[in-house]
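1. no sequence on this one, just coordinates:
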């Protein structure tokens, strides 16, 4: 049985965003338990030339919603990238999930050969399938993984099971 474009997008992105939400809840609990400043964790980076935690969440959100928009033609909501609190990051994740879950299988399936052209980065033209498998999914998981790693690096008690979402 072949996997559909819907099965490879919406459920995968929603699951990853729910994992990211759970990671942020653990980060918020860590801040409360240790009396830390939330801003310090939300602005933490793995390296000076990398984006902070807040931007990792924003990029995971953007990658998932814009990928589904490009593949389905259903307009995604626009967000300002101005989240500075755990509550705001959670709201962004929830709004992204709501959009993703509003897109139906009928709107995504059959778009494997759809032409996808990105207007940044000098990437070649993609088909829907090549875009999803070689750009969208790897990019999404890069940002979820980086958010996990920032939190882990900052002392939040999370591990591989938290990333996999089976906790």
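-> Arrived safely, thanks for sending. This structure is a prediction, so every number in the text was calculated from the model and none was measured.
2. For this protein, which segments count as helices?
-> In the chain, the helices defined using DSSP state H lie at 5-34, 38-42, 53-72, 86-102, 105-108, 128-131, 137-153, 160-164.
3. Just the buried residues of the fifth one, please?
-> Under the neighbour-count criterion of 16 or more other Cβ atoms under 10 Å, helix 105-108 has 107, 108 buried. In this view, the C-beta of every residue, glycine as well, is placed from N, C-alpha and C.
4. for the last one, same thing?
-> By 16+ other Cβ under 10 Å, the buried positions in helix 160-164 come out as 162, 163.
5. and if you look at the third one?
-> Of the residues in helix 53-72, those with enough neighbours to count as buried (16+ other Cβ under 10 Å) are 53-65, 67-68, 70-72.
6. what does the first one give?
-> Buried positions in helix 5-34, judged by neighbour count with 16+ other Cβ under 10 Å: 5-6, 8-10, 12-14, 16-17, 19-21, 23-24, 27-28, 30-31.
7. Then the fourth one?
-> Neighbour counts over helix 86-102 (16+ other Cβ under 10 Å) mark 86, 89, 90, 92, 93, 96, 97, 99, 100 as buried.
8. Between helix 137-153 and it, find me the angle.
-> Calculated by axes from the mean of the first three to the mean of the last three Cα atoms, to 10 degrees, helix 86-102 forms an angle of 160 degrees with helix 137-153.
9. okay if I get the helices of the chain as TSV plus mean pLDDT and distance to residue 116?
-> Converted to TSV, those look like this (pLDDT from 0 to 100; distance: least, Cβ to Cβ, whole Å):
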stretch	mean pLDDT	distance to residue 116
helix 5-34	97	12
helix 38-42	94	32
helix 53-72	98	5
helix 86-102	98	18
helix 105-108	97	13
helix 128-131	96	4
helix 137-153	98	13
helix 160-164	94	28
